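> predicted model follows, preceded by the sequence.
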Amino acid sequence: MFTKLLLLAAVLVTAAVSLTGPQTTSAITPDIVVDHITIDPCIKGHATYYSIHEAVDAVVNPGTKIYVCPGAYTEPMLRMDVTSTTLYGPGATPEDDGIATITKDGSDIYSYMVYMTGDSQYFQGFTIDATPPVGFQSQLIAVQSEGDYNEIDDNIVQNDASAPAIYVGGQGPVVQRNEMTNDSGGIMCECDYGTFTDNIIHPTGMNLGIQAVGLGPNVQSNHLTGTGIRVDGPGAVIDYNDIDFSNNSDYAMIAAGDPLTITGNTIQNVNGVALQVSDPNSVGNTVATLSNNVFNNVQEAIYLHDDDTTDARTVTTTVSGAEANFNSFANVSGPMLTNLTKSDVNAEYNDWGLCSLAAIEEKVFHHPDDAQWGTVDYDPFIDPGNCPTPTTSATPTTTPAGVLKRGDVNCDGHVAPDDALELVVHASGIPVPHSGCPQIGGPAVVVGAGLIVWADEDCDGDADLDDGLVLLAYLADTPLSETCSPGANLGDVVPGP
């Protein structure tokens, strides 16, 4: 009986837990929990606050972790001042455990919703609705970071039409796996050594989805629709991004820096310029390498521009330059490469989608079009794979020295039209000297059982105009009937006398 009671108690406890839902997530180990239902927070056993700003304001110790439970939170500006503070919501965990949405309550005049002033802070896993409250005088910045080495990950920002959704300053910020949607702004960096990866940016109120100015920006594997990328800084890397510009008539990507690496990007549907490489806005040169990029359905593919050729700053660009690094061009209505710089451009080994150097030249603007600019070297180029197979003539076989070939009147090793011409000259009575070759009409060749004269191609006993006609017919692949005895055809090697 006692055992049965224990089993019944276990069943009742299990049922009670299942009715209240999961109480914790293994990936979450917070110091503070925020839940709009404080009497039954999603994670128990921790200090609990009803609002996010109360929890953030309560942080004293560096390294404090605040977890925000699913729910809708209307907040004033959230100011994170303490070093290494982590503020994260349900989107920060791999489990599908709900959404925490933040909106602004309008109780202050600040234009940013989350303000990260400390260093080594994390803001992660929220949905931010940046619609300004009624009566607010400006657009909102969802997250603004001024500290060093701060990280902004796994957030969704929406309704932020004209301001950047995320703004970062300082050194070493990381912005990754965020999604800007529903007319939201993009990402702006006035920072050094920033990293921006795997962000998704839909049509925005800003023209530029990602703008990074400073030392060593790293922009990789982002997906942009209807908006573009602008990067200006020494050591810039722009790799493996996908831009569908939705046929906007502007610049999909603008880049400057020394060095500047642009690799593996796909830029398509541009009713303007897909990629402009130019000199920096401030000081220094641009030395750019472009490799393995794809340009498809664009008006103009690559535009190299030195905005002031009288100053000391230069723009030097390599467009592929090696077979393994080829860029691909398809459906480019205008120029594929425009060089408005003083520097020559190594553009060898690219797949221009064209089959001849002449066709490529028509799509390249450079020194031959305007002598003040440098020359683009695009030879050799990559065969796009759809070019017609060229018709080639077989290489003639040279007759070995001391051996004669029937029909080779001048003994140069080939039966050719100039052999027929020699017969015409001979028939006109003009001597045709032959060094090391039988004289026309002289004994020379054994054909079958008989000895015939040299250049008597119809075997009628002499060398005349008829023999020239026989040669021409042979060369035209319409041979005339011959009276020679069997033994050798025109073009065959035959023994001498």
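Looks like it came in fine.
> may I see the buried residues of stretch 312-325?
Within stretch 312-325, the residues that count as buried by 16 or more other Cβ atoms under 10 Å are 313-321, 325. To be clear about C-beta, it is placed using only N, CA and C from the backbone, and glycine gets the same treatment.
> how far out from the middle of the chain is that stretch?
Here the centre of stretch 312-325 is set off from its chain's centre by 14 Å, with Cα atoms, centre = their mean, to the nearest Å.
> first-to-last residue distance for it?
By Cα to Cα, to the nearest Å, the extent of stretch 312-325 from end to end equals 30 Å.
> for the buried residues of stretch 312-325, point out the one with the lowest pLDDT.
For these, the least confident position by pLDDT is R313, scoring 86.
> and what about it, helix, strand or coil?
When the structure is reduced to helix, strand and coil (DSSP: H, G, I helix; E, B strand; the rest coil), R313 reads as coil.
> for the buried residues of stretch 312-325, which one is nearest P90?
Proximity of the buried residues of stretch 312-325 to P90 was ranked by Cβ to Cβ; the top entry is N325 with 43.1 Å.
> circling back: is it possible to get TSV of the buried residues of stretch 312-325 that adds distance to Y110?
Supplementary listing: these in TSV, determined by distance: Cβ to Cβ, whole Å:
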residue	distance to Y110
R313	39
T314	43
V315	41
T316	44
T317	43
T318	46
V319	46
S320	48
G321	50
N325	47
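> can you give me the helices for this protein?
Taking DSSP state H, the helices of the chain run over residues 2-20, 52-57, 357-362, 417-427, 465-475.
> quick one on the thing from earlier: which two among the buried residues of stretch 312-325 are spaced furthest apart?
Pairwise over the buried residues of stretch 312-325, using Cβ to Cβ, the maximum falls at R313 and N325, 25.7 Å.
> mean confidence for stretch 271-291?
For stretch 271-291, mean pLDDT is 93.
> using PDB, list the CA coordinates for it.
What follows is stretch 271-291 as a C-alpha-only set of coordinates in PDB (Å, rounded to 0.1, in the frame of the first residue of the first chain):
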ATOM      1  CA  ASN A 271      19.900  49.000 -62.400                       C
ATOM      2  CA  GLY A 272      23.100  51.000 -61.700                       C
ATOM      3  CA  VAL A 273      26.700  50.100 -60.600                       C
ATOM      4  CA  ALA A 274      27.200  46.700 -58.900                       C
ATOM      5  CA  LEU A 275      30.700  47.600 -57.400                       C
ATOM      6  CA  GLN A 276      32.600  50.800 -57.200                       C
ATOM      7  CA  VAL A 277      36.200  50.800 -55.900                       C
ATOM      8  CA  SER A 278      37.500  54.300 -55.100                       C
ATOM      9  CA  ASP A 279      40.000  56.200 -53.100                       C
ATOM     10  CA  PRO A 280      39.300  56.600 -49.300                       C
ATOM     11  CA  ASN A 281      37.300  59.500 -48.000                       C
ATOM     12  CA  SER A 282      40.100  60.700 -45.800                       C
ATOM     13  CA  VAL A 283      43.700  59.700 -46.300                       C
ATOM     14  CA  GLY A 284      45.700  56.900 -47.900                       C
ATOM     15  CA  ASN A 285      45.400  54.800 -51.100                       C
ATOM     16  CA  THR A 286      43.200  52.000 -52.300                       C
ATOM     17  CA  VAL A 287      44.900  48.700 -53.200                       C
ATOM     18  CA  ALA A 288      42.100  46.300 -54.000                       C
ATOM     19  CA  THR A 289      41.900  42.600 -55.000                       C
ATOM     20  CA  LEU A 290      38.700  41.300 -56.500                       C
ATOM     21  CA  SER A 291      38.300  37.500 -56.900                       C
END
